[in-house]
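> What follows is a predicted protein model with its sequence.
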2 protein chains.
Amino acid sequence: MDTALLSTLASPRRREILRLLWTRDLTAGEVHQAMPDVTFGAVSLQLKVLLEAGLVECQADRQYRVYRVRREALGPVASMLEEMWTDALARLRLKAELEAARRGPRPRRRRSPRSRRSRTKPEDT
Amino acid sequence: MDTALLSTLASPRRREILRLLWTRDLTAGEVHQAMPDVTFGAVSLQLKVLLEAGLVECQADRQYRVYRVRREALGPVASMLEEMWTDALARLRLKAELEAARRGPRPRRRRSPRSRRSRTKPEDT
DNA sequence: CTTGTATTTTAGTTTTATCTAAACTTACGG
DNA sequence: CCGTAAGTTTAGATAAAACTAAAATACAAG
């Protein structure tokens, strides 16, 4: 639980990378493909920072390098990040819902009184 | 558990302030007195950042403003900070001990076999 | 050996954070 | 009202971080 942990996690870019690596291991190139707004070089530099902070590890496979999150290095912050991410998702969903409600006020039980619970929305991820 | 939390905690200066406020509430001036290497203005700015991140709160009392840590806003990070601080203290103590041992290799039971435990060091904090 | 793909590294630029000095605000004490 | 003490705010300087473009490295395939 080093003092460098917090400053490493301070960068949104690095958190984005961490989030990408959260569920599956990825090569540097795959990480980059998921963030097209920056250079490959920039991604590589951030991966290096994460590596030096011990938050990820890297294993060479032929010409590729596969990066993996080291959750044990994150300690209590791991669950915090997960919460942050799911909360952000939830907020996005809520916002979209409100938007939709505002655009089209959703015809209320016209047509016919049959079929009560057909109005529940399917959850999108 | 906001997204600004981590970047707010990334600054050593802000962590220093947080540490000062950890055990007792202090006025802005008292915080500043404890860190004479920076301007009062600088301290005030950092207090503002902490305030806006919700990590401290401030209550006006006459011409003073008393700042207080909001631990509940820190979530799991609170204990992490405490660990960081106590660990750092422990490392300091250990280092001082080793230094002392290196400087004076501590005469081994010469003179006379009387009075065994007079060589123990007082712990400094 | 040459070419191509995947990645890192370097040098330089832009962006952001932190700090200082000085101006400003507010409350208290004559 | 004036002076002073506590604090904030602003404008500008300096330092640190992030990014880009280009060069360098590594490895695979022909």
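It's in.
> Residue of chain A closest to DNA strand C, please.
A:G29 (2.3 Å; C-beta to the nearest atom of the strand). All C-beta atoms are positioned from the backbone trio N, CA, C, and that covers glycine.
> That residue contacts A:V66, doesn't it?
No: A:G29 is not in contact with A:V66 according to C-beta atoms under 8 Å; the separation is 10.4 Å.
> Now do the shared contacts for these two.
Overlap between the contact sets of A:G29 and A:V66, as judged by C-beta atoms under 8 Å, 6 or more residues apart in numbering or on different chains, is nil.
> A:A73 contacts A:E57, correct?
No: at 9.2 Å, A:A73 and A:E57 do not qualify as touching, with contact defined as C-beta under 8 Å.
> Find the nearest non-adjacent residue to A:A34, please.
Nearest non-adjacent residue to A:A34, counting by C-beta to C-beta, 6 or more residues apart in numbering or on different chains: A:L20, 5.4 Å away.
> do the same with A:L50
The shortest distance from A:L50 to any residue that is not its chain neighbour, by C-beta to C-beta, 6+ apart, is 4.6 Å, and that residue is A:V56.
> now that neighbour: how far from chain B?
A:V56 sits 17 Å away from chain B, going by C-beta to the nearest C-beta, to the nearest Å.
> So, low pLDDT: which residues of chain A?
Segments of chain A classed as low confidence (criterion: pLDDT under 70) are A:102-125.
> Please, where are all the strands along it?
Under the criterion DSSP state E, chain A carries strands at the ranges A:26-27, A:56-61, A:64-69.
> Quick one: closest of the ones you listed to A:A4.
Across the strands of chain A, the minimum distance to A:A4, taken as C-beta to C-beta, is reached by strand A:56-61, at 13.6 Å.
> Around A:G54, how many other residues sit close by?
The number of residues packed near A:G54 is 15, by other C-beta atoms under 10 Å in any protein chain shown.
> Look up phi and psi at it.
For A:G54, the backbone dihedrals (degrees, to the nearest 10) come out as phi 80, psi 10.
> That one contacts A:M1, doesn't it?
No: under the criterion of C-beta under 8 Å, A:G54 is not in contact with A:M1, lying 10.6 Å apart.
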